[in-house]
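Asker: let's see this in three dimensions:
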Amino acid sequence: MPNLSIVLTCLICLPVGRVCQGFSVLQPQGHIEKMEGSDVTLVCHMSSETVLGPVRWYRGAGIKRTHFYSPVPKYGDTNDPRVTWTVEYNTLRYSITIRDLRVSDTGEYYCEKYAKADENKVYASGPGVTLTVKAKNVTIIGPPGRVKVGEVLELQCHANKDATFMWLKNGEAIPQDHFTTASNGALHTSRLTLQTEKGDIRSAVQCVQGKNEQQRMSEAFNLSSVITVMPRLQIQGSPDTRNRSSGKYSCRVDGFYPEDILVSWTLGKLNISACCEKAQSNNDGTFSTTCHITIALAKISSGAMLQCHAGYRDHC
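Answerer: The predicted model follows:
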């Protein structure tokens, strides 16, 4: 029998409001509150034009400080695609606009000036502006990628009113030891952790916020959007070496989710193109398919291993 295998194809601490040689960075707003989905402008002005060099925006301070936006990001830094300069670039005004705000944008933002002579050392920093983004109602945020069955899934529920949360799975209450609740000003967050199961393809989790039943708000989250079920593989068929110049093999790929699985074959170090049938849905919500190959027997050397591989890009 052929062997089978599965391929799952120095932070800088800045003083607040630092001023150098009479030059200052002005951030006059102090604190801003916005609703998610709206836009916001974070104002930043230079006190003079005397210092040549770039201006960069950072989020957070100390060990939590991260690059947010700059005209030419340094190596390893990236700009958030929702951010643009508010007005045409000039030597005094460096305000930025953030579009389509998210609750996760809540935080402190610092406008910093760097001298051209040393662009790695901050020349002057603004005092910062605190941005609070309020949830419209209740919002559930899932993981950045898919989670394989058997792994732990974390969901976050954000709300801007009462800090009382309850989680339901398929209409039944989830025990409180599965979630925690924290508040940061007007933003309330509950974090839920669940061990994923194959049946979660058809499960829905609901976050309910608020004490009074008349004032409760809720949001539902379908676990099918983040669940991955890996398949079972079985190679079928073998050539009749006495009568044929080529052999036909099939790989049965059973019980996978989502549908867009990647299937490939190898014979030793040789990659072989396969033709897969249209995936069929199963009663449990998973999919199955069969992939076929034809191999010239002349290419099969003694001891060569034929393998069928299946997986997803998220888990390569």
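Asker: what pLDDT does residue 173 get?
Answerer: Note on residue 173: pLDDT of 93.
Asker: next one: residue 227
Answerer: Predicted confidence (pLDDT) for residue 227: 93.
Asker: ditto for residue 116
Answerer: For residue 116, the predicted pLDDT is 80.
Asker: number of residues surrounding it?
Answerer: Number of residues near residue 116 (other C-beta atoms under 10 Å) recorded here: 10. C-beta here means a position set from N, CA and C on the backbone, and glycine is covered the same way.
Asker: and for residue 25?
Answerer: Other residues near residue 25 number 25, with proximity taken as other C-beta under 10 Å.
Asker: identify the bridge partners of it.
Answerer: residue 46 (DSSP bridges).
Asker: now do the contacts for it.
Answerer: 44, 45, 46, 47, 111, 112, 113, 124, 125, 126 (C-beta atoms under 8 Å, 6 or more residues apart in numbering).
Asker: over to residue 152?
Answerer: Residue 152 touches 193, 194, 195, 196, counting by C-beta under 8 Å, 6+ apart.
Asker: grab the nearest non-local neighbour of the third one.
Answerer: Closest residue to residue 195 in three dimensions, ignoring its sequence neighbours and counting by C-beta to C-beta, 6 or more residues apart in numbering: residue 152, at 5.9 Å.
Asker: list just the nearest of the contacts of residue 25 to residue 269.
Answerer: residue 112 (52.1 Å; C-beta to C-beta).
Asker: skip the chain neighbours and tell me the closest residue to the closest one.
Answerer: Nearest to residue 112 is residue 125, by C-beta to C-beta, 6+ apart, at 4.7 Å.
Asker: my guess is the one you found meets residue 108, correct?
Answerer: No - counting by C-beta atoms under 8 Å, residue 125 sits too far from residue 108 to count as a contact (11.6 Å).
Asker: settle it for me: which of these two has more neighbours?
Answerer: Per other C-beta under 10 Å, whichever of residue 125 and residue 108 has more neighbours is residue 125, with 23 against 17.
Asker: quick check: buried residues in stretch 125-133?
Answerer: 125, 126, 127, 128, 129, 131, 132, 133 (16 or more other C-beta atoms under 10 Å).
Asker: let's have those in JSON lines, adding distance to residue 229 and secondary structure.
Answerer: What follows is the buried residues of stretch 125-133, written out as JSON lines (distance: C-beta to C-beta, whole Å; DSSP: H, G, I helix; E, B strand; the rest coil):
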{"residue": "125", "distance to residue 229": "49", "secondary structure": "strand"}
{"residue": "126", "distance to residue 229": "50", "secondary structure": "coil"}
{"residue": "127", "distance to residue 229": "51", "secondary structure": "coil"}
{"residue": "128", "distance to residue 229": "46", "secondary structure": "coil"}
{"residue": "129", "distance to residue 229": "45", "secondary structure": "strand"}
{"residue": "131", "distance to residue 229": "39", "secondary structure": "strand"}
{"residue": "132", "distance to residue 229": "39", "secondary structure": "strand"}
{"residue": "133", "distance to residue 229": "35", "secondary structure": "strand"}
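Asker: what segments of the stretch 1-150 of the chain are strands?
Answerer: With DSSP state E, counting those that start in this stretch as the definition, the stretch 1-150 of the chain shows strands at residue ranges 25-26, 31-35, 40-42, 45-46, 55-59, 66-69, 83-85, 96-98, 107-115, 118-125, 129-134, 138-141, 147-148.
Asker: gap between the closest residue to residue 185 other than its chain neighbours and residue 160?
Answerer: Nearest residue to residue 185, sequence neighbours excluded (C-beta to C-beta, 6+ apart): residue 132, at 5.9 Å. Distance, residue 132 to residue 160, using C-beta to C-beta, to the nearest Å: 9 Å.
Asker: hey, what's in contact with both of these two?
Answerer: Common neighbours of residue 132 and residue 160 (C-beta under 8 Å, 6+ apart) are 186, 187.
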